[in-house]
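Colleague: Sequence and predicted structure below; questions after.
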Amino acid sequence: VINSMTHDFVLHPDQFIGLSVKSSYTEFQAYFHNAGEMHNCPRPCLEMEQACVPWTPNFPGIGSVHDIRYQMAQHPNWWPELSSKSSDKEIAKALYTR
């Protein structure tokens, strides 16, 4: 994110639609997160929502990973961001961020 703010944006501002020289770190991070696979950037924590949850065995959604794997096998279009090779952490994160 920092490299994009300080280097890439300076060279190619037209490639960062919706961002400007006044955009914050959080706005750049949200841009990359919303771009999907581009940089595998996590969703930024926003002030008006609950604090970001660190990855632990109690991470929200970890208890549902088995159910999500079943859903993925039956309805892969329900979870396009995941694959059969997705880790438990990736599945829990996808569930948490929905």
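Modeller: The structure has been received and is ready for your questions.

Colleague: for the residue nearest the centre of the chain, what are its contacts?
Modeller: What sits nearest the mean C-alpha location of the chain, by Cα atoms, centre = their mean, is residue 42, with 3.7 Å. Shown in contact with residue 42 (Cβ atoms under 8 Å, 6 or more residues apart in numbering): 29, 33, 93. The C-beta positions use only the backbone N, C-alpha and C, and glycine is treated the same way.

Colleague: just residue 27 next, same as before
Modeller: Applying Cβ under 8 Å, 6+ apart, we find residue 27 in contact with residue 19.

Colleague: what residue of the protein is the furthest out?
Modeller: Farthest out in the chain is residue 11, which, by Cα atoms, centre = their mean, sits 25.2 Å from the centre.

Colleague: mind checking how far it is from residue 55?
Modeller: Applying Cβ to Cβ, to the nearest Å, the value for residue 11 to residue 55 is 34 Å.

Colleague: go on, residue 95?
Modeller: In terms of Cβ to Cβ, residue 95 sits 13 Å off from residue 55.

Colleague: Comparing these two, which shows the higher neighbour count?
Modeller: Applying other Cβ atoms under 10 Å to residue 95 and residue 55 shows that residue 95 carries more neighbours, namely 19 against 10.

Colleague: Tell me how far that one lies from residue 74.
Modeller: 16 Å.

Colleague: Over to residue 67?
Modeller: Taking Cβ to Cβ, one finds residue 67 at 11 Å from residue 74.
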